[in-house]
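**Student:** sharing a sequence plus its predicted fold:
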Amino acid sequence: MASWTLRLRVRYGETDRMGRAYYARYFDWFTDGRTELIRCMGLSYRQLEDQGVFLPVLEAACRYLRPVDYDDELELEVRLERLTPTRMDFAYRLRLAATGQPVAEGTTRHAFIDRRGKPVNLRKARPEVWRRLEPLQAATPLPRESVAPAGSSVAPPPSHGDEPAPRGTRAAPARRAADRADPVATPSSTPEASEGDDRRC
């Protein structure tokens, strides 16, 4: 599945009285990340909604691994975990940009609905929209022209292995078919903290 890396910096207004990033802000960063992942395919959330397609959050969870402070620079890797004509699920990994130390992990689950709030099958109801989203299923590097939200910047797309490819380097060539091993599914981390998110994206 497709993935995208967003670079951001903790702003003063995103911290609490203790000087730490407020826990709810992580969900805002998740929103920024998945918005840019979709945008890089040439289809924005706004365009989806203008065509009568909405993507509400069904579940949102975050596991906090270490606190971050004002002005810390972070990298958020967003990975599309599931895409069907009726559903989209994302996974998130947040880390310190300077050291790569993990900061948080999270997931969100979404459903496609129409203006009446009814579930919709994009392949049947909006085939032109589905054709734009379907390439996200491919494990190929995404375009780099995407513009990040204010206060953040877009890093080059990571390779589709376990870790992002270093900046300025190219991903290693694929192994020969005879050398490939069967992929082994790894279970997602069990969230230890979660918060409902009733926003529209």
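**Tutor:** All right, it came through fine.
**Student:** CA atoms for contacts and neighbours, from now on please.
**Tutor:** Noted.
**Student:** residue 59 is in contact with residue 111, correct?
**Tutor:** No. Under the contact definition of C-alpha atoms under 8 Å, residue 111 does not touch residue 59, with a separation of 10.0 Å.
**Student:** neighbour count for those two, which is higher?
**Tutor:** Neighbours of residue 111 and residue 59, each counted by other C-alpha atoms under 10 Å, are more numerous for residue 111; the result is 21 against 15.
**Student:** quickly list what that one is bridged to.
**Tutor:** On the basis of DSSP bridges, residue 111 is bridged to residue 87.
**Student:** quick one: residues contacting it.
**Tutor:** For residue 111, the contacting residues are 55, 56, 57, 58, 86, 87, 88, 119, by C-alpha atoms under 8 Å, 6 or more residues apart in numbering.
**Student:** pLDDT weak spots in the chain?
**Tutor:** 139-201 (pLDDT under 70).
**Student:** just the helices from it, written as ranges.
**Tutor:** Defined through DSSP state H, the helices belonging to the chain, from first to last, are 25-39, 45-50, 122-125, 127-133.
**Student:** to residue 93, which of those helices lies closest?
**Tutor:** Comparison of the helices of the chain against residue 93 by C-alpha to C-alpha identifies helix 25-39 as nearest, at 9.3 Å.
**Student:** quick one, strands of this protein?
**Tutor:** According to DSSP state E, the chain carries its strands in the segments 3-9, 57-64, 73-83, 87-96, 102-111, 152-154, 193-194.
**Student:** any idea which of those strands is most buried?
**Tutor:** Comparing these by mean neighbour count (mean count of other C-alpha atoms under 10 Å), strand 3-9 comes out on top with a mean of 24.
**Student:** give me the neighbour count for the closest residue to residue 119 other than its chain neighbours.
**Tutor:** Counting by C-alpha to C-alpha, 6 or more residues apart in numbering, residue 113 is the residue found nearest to residue 119 once chain neighbours are left out, at 4.3 Å. For residue 113, the count of nearby residues is 20 (other C-alpha under 10 Å).
**Student:** list the contacts for residue 113?
**Tutor:** When contacts are counted by C-alpha under 8 Å, 6+ apart, residue 113 touches 53, 54, 55, 56, 119, 120.
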